[in-house]
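Novice: mind looking at a prediction? Sequence and model below.
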Amino acid sequence: MNLPEQPTGAGVHARRRRDRTWIRGLGCCLCVGATTACGTPVPRPAGAAAVTVAAGSLPSGPPPSIDRLPIPALDLPWQPPSAVAGDVRALGDALKPATRIHVQLGPRQDGELWRARVPAVLTALGATGTVAFLEGGQASAALVRPMPLRSIATGPADPAEFELAAPWRARMGQGAAAGTLVLMIDDAVLDEAKWRALPAASVGTCDAPMQALAVGQEQSLAELEPFLDHADALLGQLWRAELRALLPRLRAELEPHAAPRPRKDFADASAWREHECGHALWQYTEPYHRCAEAAEACALSPRVLLVGGLRIGAPEPDVFVPDHCAEALGQDVVGKLREFGRDAAEAASARLDPRWVVLADRLGALTEVYAALEDVCAPRRRRFAPVDLDDAQARLGAIGRALGSDEPPRDGRWTSEPDQFHVPGTGPVHALARYDAGPGSPSRAAIEGARSLREFVLSRSLCRAGVSALPLVVLAYEPAATALRYYGYLYEEELSCGELGPLVGD
């Protein structure tokens with residue numbers, strides 16, 4: 001039985017970063033506003049003046065040193081955890097010595113369904129005594145002093161702490177032969193809010209694949225770090241060159257609004273809106289101005305990010321800019337700053353070695369696998385058929401083989417779509433470019449496989465909608481010795497779920 005833990009390496013969506021050293025290489029130019037680097041600019045509309053930005057000498061990338069990521073095999077034993085209220089094995093241990101078991105069911109359980117399922121449950125738990133049902137459907141949960149609410153994590157309850165109500169104890173003791181146990185099953189009478197507040201316990205674990213992914217991620221990052229640093233250096237240098245050439249023009253138009261002024265200084269609403277927007281955008285562009293002057297990449301610089309594949313993105317200043325500002329000023333300053341990033345991403349991505357790019361894209365796909373496993377491995381009230389567990393394990397094994405594939409680059413391409421995504425430790429990031437490895441590629445196979453795995457596991461869960469949010473109370477009482485052999489709480493699906501027997505942990 002396993003208590004839920006945070007798996008090693010889970011939730012790591014962006015790579016760590018080390019100190020960088022740049023290797024200087026070939027020179028380059030950016031054709032601002034176009035989509036090519038060091039080539040013929042895209043034709044512009046009449047009257048639009050192209051600006052050439054000299055980026056200077058650019059760092060050259062490291063030669064490829066591996067042809068596959070060092071991802072361990074994921075063909076491992078694992079099972080999505082099922083939430084439990086107690087330990088079914090302890091109940092089985094209490095029942096095994098009995099030669100006769102008299103079953104007392106509560107009012108809801110006292111019917112054909114439970115009378116048919118109880119003997120099979122007892123057999124599966126190892127009980128060999130003859131089974132008989134006591135008649136009457138007594139409200140058995142009321143016949144024992146309530147068990148203190150506590151998580152199974154604190155250990156099983158000691159039956160010696162509890163006692164049956166005197167009238168019921170006397171009744172069970174009348175004429176009881178040695179070796180006879182009374183098994184009582186009823187709905188627990190508990191405060192639901194207090195029950196839900198208890199620490200959860202579960203059967204099943206995803207530790208093995210989570211640890212394998214963590215090892216593979218760390219080793220892969222070590223192999224790819226020189227390439228990722230090179231890509232960041234390239235992006236930063238191209239981006240800063242464009243900022244230095246073009247940002248002053250934007251800032252010059254905003255400078256009259258640099259100092260804040262009160263509303264009363266403006267005769268009409270239009271002039272006030274223009275100043276309000278101009279001042280907000282002056283503040284918005286201030287961090288970019290500092291970045292342009294910096295010798296190295298700053299916090300707003302575009303970077304390669306391994307989130308759901310290989311992306312290029314950049315955070316943006318935390319400055320509020322009203323929605324109407326592009327109209328009020330006659331130009332979209334925020335949009336132009338994003339264009340600088342897209343220009344740098346376009347120019348840099350064209351210079352990145354595709355052999356490194358596909359490996360980085362596969363490593364970025366690993367975050368989708370983490371997300372799928374974290375979801376399906378959150379403990380829930382559910383059960384799984386053995387054939388479905390085998391299928392889930394096989395699906396994860398195929399994902400591992402895709403992540404560790406040595407297939408060479410296909411006809412992948414960089415795409416650019418306006419988007420925003422979240423990077424842990426950084427926050428919202430504006431997307432500038434994304435690598436698409438193409439249909440049937442290992443990266444696509446890993447991502448689609450992870451999403452399919454999540455859907456499969458969640459859809460194949462059995463007994464998800466329990467009859468009650470509260471557990472059953474189960475006790476085994478030996479009348480001849482007037483002793484309580486077992487007292488605990490169990491969810492109904494722990495005892496029986498369709499064709500599945502009791503949920504017994506490893």
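Specialist: Yep, that arrived.
Novice: pick out the residue closest to the middle of this protein.
Specialist: residue 371 (3.2 Å; Cα atoms, centre = their mean).
Novice: and it, how close does it get to residue 427?
Specialist: Distance of residue 371 to residue 427, computed by Cβ to Cβ, to the nearest Å: 18 Å. Backbone N, C-alpha and C define where each C-beta goes, glycine included.
Novice: tell me where the stretch 351-500 of the chain has strands.
Specialist: 413-415, 420-423, 427-436, 472-478, 483-490 (DSSP state E, counting those that start in this stretch).
Novice: how far away is residue 419 from residue 430?
Specialist: Distance from residue 419 to residue 430, by Cβ to Cβ: 8 Å.
Novice: and these two? Which one has more around it.
Specialist: residue 430 (19 against 12; other Cβ atoms under 10 Å).
Novice: ok, what's across the strand from that one?
Specialist: On the basis of DSSP bridges, residue 430 is bridged to residue 314, residue 420.
Novice: now do the contacts for it.
Specialist: 313, 314, 315, 316, 338, 341, 419, 420 (Cβ atoms under 8 Å, 6 or more residues apart in numbering).
Novice: residue 420: neighbour count?
Specialist: 10.
Novice: now do it, the pLDDT please.
Specialist: At residue 420, the pLDDT value in this model is 91.
Novice: and it, what is it in contact with?
Specialist: By Cβ under 8 Å, 6+ apart, residue 420 lies in contact with 428, 429, 430, 431.
Novice: do you know how far the nearest residue to residue 414 once chain neighbours are set aside is from residue 312?
Specialist: Nearest non-adjacent residue to residue 414, counting by Cβ to Cβ, 6 or more residues apart in numbering: residue 349, 4.5 Å away. According to Cβ to Cβ, residue 349 and residue 312 sit 7 Å apart.
Novice: now do residue 452
Specialist: 27 Å.
Novice: which residue of those two possesses the greater neighbour count?
Specialist: residue 312 (27 against 14).
Novice: quick one: that one is in a helix?
Specialist: No: assessed with DSSP: H, G, I helix; E, B strand; the rest coil, residue 312 is strand; it does not lie in a helix.
Novice: pretty sure it contacts residue 304?
Specialist: Yes: using Cβ atoms under 8 Å, residue 312 is in contact with residue 304, at 5.7 Å.
Novice: circling back: buried subset of the contacts of residue 420, written for PyMOL?
Specialist: PyMOL command restricting those to the buried ones, with burial defined by 16 or more other Cβ atoms under 10 Å:
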select buried, resi 429+430+431
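Novice: what's the closest of the contacts of residue 420 to residue 479?
Specialist: The shortest gap between residue 479 and any of these belongs to residue 428, at 66.2 Å (Cβ to Cβ).
Novice: okay, that closest one: pLDDT?
Specialist: pLDDT for residue 428: 93.
Novice: ok, now the one 5 residues further on?
Specialist: Here, the pLDDT recorded for residue 433 equals 97.
Novice: spatially nearest residue to residue 186, not counting backbone neighbours?
Specialist: residue 106 (2.9 Å).
Novice: report how many residues lie close to residue 386.
Specialist: Look at residue 386: counted by other Cβ under 10 Å, it has 8 neighbours.
Novice: report the separation between it and residue 495.
Specialist: In terms of Cβ to Cβ, residue 386 sits 18 Å off from residue 495.
Novice: tell me the buried residues in stretch 367-375?
Specialist: For stretch 367-375, a neighbour-count test (16+ other Cβ under 10 Å) marks 367, 368, 369, 370, 371, 372, 373, 374 as buried.
Novice: Throw these into CSV and include distance to residue 487 and pLDDT, thanks.
Specialist: Formatted as CSV, the buried residues of stretch 367-375 follow (distance: Cβ to Cβ, whole Å; pLDDT from 0 to 100):
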residue, distance to residue 487, pLDDT
367, 45, 95
368, 45, 96
369, 42, 97
370, 40, 95
371, 41, 95
372, 39, 97
373, 36, 97
374, 35, 96
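Novice: which ones are touching the closest residue in space to residue 407 that isn't next to it in sequence?
Specialist: Nearest non-adjacent residue to residue 407, counting by Cβ to Cβ, 6+ apart: residue 442, 5.6 Å away. The contact partners of residue 442, taken as Cβ under 8 Å, 6+ apart, are 358, 362, 402, 403, 405, 407.
Novice: let's go with 7 Å and repeat that
Specialist: Listed by Cβ atoms under 7 Å, 6 or more residues apart in numbering, the contact set of residue 442 reads 362, 402, 405, 407.
Novice: just residue 471 next, same as before
Specialist: 85, 188, 489, 490, 491.
Novice: still on that earlier bit, ok, of the buried residues of stretch 367-375, which one's closest to residue 93?
Specialist: Ranked by distance to residue 93 (Cβ to Cβ), the buried residues of stretch 367-375 are led by residue 373 at 33.3 Å.
Novice: mind checking the SS state of the residue nearest to residue 320 when sequence neighbours are not counted?
Specialist: Nearest non-adjacent residue to residue 320, counting by Cβ to Cβ, 6+ apart: residue 280, 6.5 Å away. Reduced to three states with three-state DSSP, the structure at residue 280 is helix.
Novice: was I right about residue 280 contacting residue 324?
Specialist: No: between residue 280 and residue 324 there is no contact under Cβ atoms under 7 Å: 10.9 Å.
Novice: pick out whichever of these two has more residues nearby.
Specialist: Set residue 280 next to residue 324 and count neighbours by other Cβ under 10 Å: residue 280 wins out with 19 against 11.
Novice: low-confidence bits of this structure, can you list those?
Specialist: 1-56, 136-176, 465-467, 505-506 (pLDDT under 70).
Novice: go again with 50.
Specialist: Under the criterion pLDDT under 50, the flagged ranges of the chain are 1-51, 139, 142-143, 151-156, 167, 173.
Novice: all strands for the stretch 1-150 of the chain, in order.
Specialist: Counting by DSSP E, counting those that start in this stretch, the stretch 1-150 of the chain has strands at residues 24-31, 52-59, 82-84, 100-105, 130-133.
Novice: run a quick neighbour tally on residue 200.
Specialist: 17.
Novice: any idea how far it is from residue 85?
Specialist: Residue 200 is 10 Å from residue 85, by Cβ to Cβ.
Novice: right, and residue 64 touches residue 355 too?
Specialist: Yes: assessed by Cβ under 7 Å, residue 64 is found in contact with residue 355 at 4.4 Å.
Novice: show me which of these two is the more surrounded one.
Specialist: residue 355 (16 against 12).
Novice: quick check: residue 486 vs residue 302, distance?
Specialist: In terms of Cβ to Cβ, residue 486 sits 63 Å off from residue 302.
Novice: more neighbours: those two, which one.
Specialist: Neighbour tally, residue 486 and residue 302, criterion other Cβ under 10 Å: the higher count belongs to residue 302, 28 against 23.
Novice: same for the top helix by length along the chain, what does it pack against?
Specialist: For the chain, the longest helix by residue count, based on DSSP state H, is helix 207-254. Contacts defined by 3 or more Cβ pairs under 7 Å, 6 or more residues apart in numbering; DSSP states H and E place helix 207-254 against strand 24-31, strand 52-59, helix 269-293, strand 303-306, helix 333-349, helix 354-376.
Novice: for residue 71, find the nearest of those.
Specialist: With Cβ to Cβ as the yardstick, what comes closest out of the helices and strands packed on helix 207-254 is helix 354-376 (7.7 Å).
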